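**Student:** Next input, structure requested:
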Amino acid sequence: MALQRAAGAELAAFAQSLLDLLTENCRKGFAPDDVRNLKVPRTISGCLYRGKIRSLSELSKATDQRILDCPGIGPHRLSIIKAAIHARGYCHAN
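**Tutor:** You can find the predicted model right below:
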């Protein structure tokens, strides 16, 4: 029984490290200032990208209304974006 628990814990740790590696690899290949590097769900960064906000510097200068004009962005997603911008150390224009 103890061996099964140890194996389960080992498998869980391996799965987590694999997930971390996949997340890191998914973000590689984009410019450092690319909006797709923002720590938000991929659907949100995709909405910003389709709305022609393609860099973090553009995003930090964009007004709330400009962000809301992006297809698929509503008030809830706007709050997620603002939190991610502040976590990244950028100031957001209101």
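**Student:** can you map out the helices along the protein?
**Tutor:** Secondary structure of the chain (DSSP state H): helices located at 2-27, 42-50, 56-61, 64-68, 75-87.
**Student:** Out of those, name the one with the poorest average pLDDT.
**Tutor:** Among those, helix 2-27 has the lowest mean pLDDT, at a mean of 57.
**Student:** And the residue nearest to Leu38 when sequence neighbours are not counted, how far from Leu56?
**Tutor:** Once flanking residues are discounted, Leu38 sits nearest to Ala84: 5.1 Å by Cβ to Cβ, 6 or more residues apart in numbering. The way it works is simple: take the backbone N, C-alpha and C, and place the C-beta from them, glycine included. Per Cβ to Cβ, to the nearest Å, Ala84 is found 10 Å from Leu56.
**Student:** Common neighbours of those two, please.
**Tutor:** With contacts defined as Cβ atoms under 8 Å, 6 or more residues apart in numbering, the residues shared by Ala84 and Leu56 are Leu38.
**Student:** Compare the two (neighbour count), which wins?
**Tutor:** Neighbour count, other Cβ atoms under 10 Å: between Ala84 and Leu56, Leu56 has more, with 22 against 19.
**Student:** Now do the same contact list for that one.
**Tutor:** Leu56 neighbours (Cβ under 8 Å, 6+ apart): Asp33, Asp34, Val35, Asn37, Leu38, Ile85, Arg88, Tyr90.
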